[in-house]
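**Q** Next input, structure requested:
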Amino acid sequence: PRGAARLAVLDASRLQRRSARAFRSWNAHTVSLIVSDAREKQYAAQLRAKDGENAQKISEALSEAYAGHAAELAAQAREHEESKQLALAGQRASFEGKTPTKKKKTP
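**A** Here you go, the predicted structure:
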């Protein structure tokens with residue numbers, strides 16, 4: 001009976017050790033999963049931040065390009081308008097110069 005009791009105690013302690021080992025390995029696994037998940041989330045956040053910065057840079061570059069293009073178009077329109085006005089003024093001047101009020105010659 002005493003031997004059986006001793007065996008039962010040994011068995012119980014062995015089981016306990018085994019379950020403790022299992023728990024420790026499960027715990028370590030869970031912790032490593034949590035850590036890797038946290039790292040992945042951090043990395044993803046960094047990537048998102050980088051993407052955001054890149055998008056910001058791209059939109060700034062595009063808006064600069066558009067602004068430059070718009071300014072160029074406006075300048076061209078102004079030049080066109082000015083040249084049109086000059087042409088009109090030239091036509092008017094040449095027209096006025098060509099047709100002076102003629103005095104009728106009296107015989």
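**Q** Tell me how far the most centrally placed residue in the chain lies from residue 38.
**A** Residue closest to the mean C-alpha point of the chain, counted by C-alpha atoms, centre = their mean, is residue 55 at 1.5 Å. Distance of residue 55 to residue 38, computed by C-beta to C-beta, to the nearest Å: 26 Å. Placement of C-beta: from N, CA and C, glycine included.
**Q** in the protein, which spans are helices?
**A** Along the chain, counting by DSSP state H, helices occupy 2-98.
**Q** Any regions of it where pLDDT drops low?
**A** The chain contains residues with pLDDT under 70 at 1, 98-107.
**Q** again, only this time at 90
**A** 1-10, 18, 21, 68, 86-107 (pLDDT under 90).
**Q** What count of nearby residues applies to residue 74?
**A** Neighbour count of residue 74, defined by other C-beta atoms under 10 Å: 10.
**Q** Ok, residue 11 next?
**A** Neighbours of residue 11 (other C-beta under 10 Å): 10.
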